[in-house]
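Engineer: With the sequence up front, the predicted model follows.
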Amino acid sequence: MFNTLRYAKMLEETGFSREQAETSIKILVEIMEDKLASKQDLQELRVEIQHSIAQLESKLTIRMGTMLAASIAILTAIQKFV
């Protein structure tokens, strides 16, 4: 993931004190943990989307079947009157 020790050394090499480097890292890690999606977050989202799509497909299949049955019933009724 994120190499905090390496980042701290880089900051110290550019003139940051040890305390400044550590504070900077803490802030960065907090932002990353709070705002960025992890691989696990993305996997959970993928599963949720797949589940939602499956539910939508099921609803559409039922709706199409109902429409087909209604169409057949209407055509049958029309044929009886003709």
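Structural biologist: Ah, there it is.
Engineer: Look up how far E57 lies from L45.
Structural biologist: 19 Å (C-beta to C-beta, to the nearest Å). Bear in mind the C-beta positions are built from the backbone N, C-alpha and C, glycine included.
Engineer: typo on my end, it should be A77
Structural biologist: Distance of A77 to E57, given as C-beta to C-beta: 30 Å.
Engineer: Mind exporting the C-alpha coordinates of the helix or strand hosting V29 to CSV?
Structural biologist: Following DSSP states H and E, the helix or strand that holds V29 is helix 18-35. C-alpha atoms of helix 18-35 as CSV (Å, rounded to 0.1, in the frame of the first residue of the first chain):
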residue,chain,number,x,y,z
ARG,A,18,10.8,14.5,12.0
GLU,A,19,7.7,15.8,13.7
GLN,A,20,6.5,17.6,10.5
ALA,A,21,7.1,14.5,8.4
GLU,A,22,5.2,12.3,10.9
THR,A,23,2.3,14.8,11.0
SER,A,24,2.2,15.0,7.3
ILE,A,25,2.1,11.2,7.0
LYS,A,26,-0.7,11.0,9.6
ILE,A,27,-2.8,13.5,7.7
LEU,A,28,-2.2,11.8,4.4
VAL,A,29,-3.0,8.3,5.8
GLU,A,30,-6.2,9.7,7.4
ILE,A,31,-7.3,11.2,4.1
MET,A,32,-6.4,8.0,2.2
GLU,A,33,-8.3,5.8,4.6
ASP,A,34,-11.3,8.1,4.8
LYS,A,35,-11.7,9.1,1.1
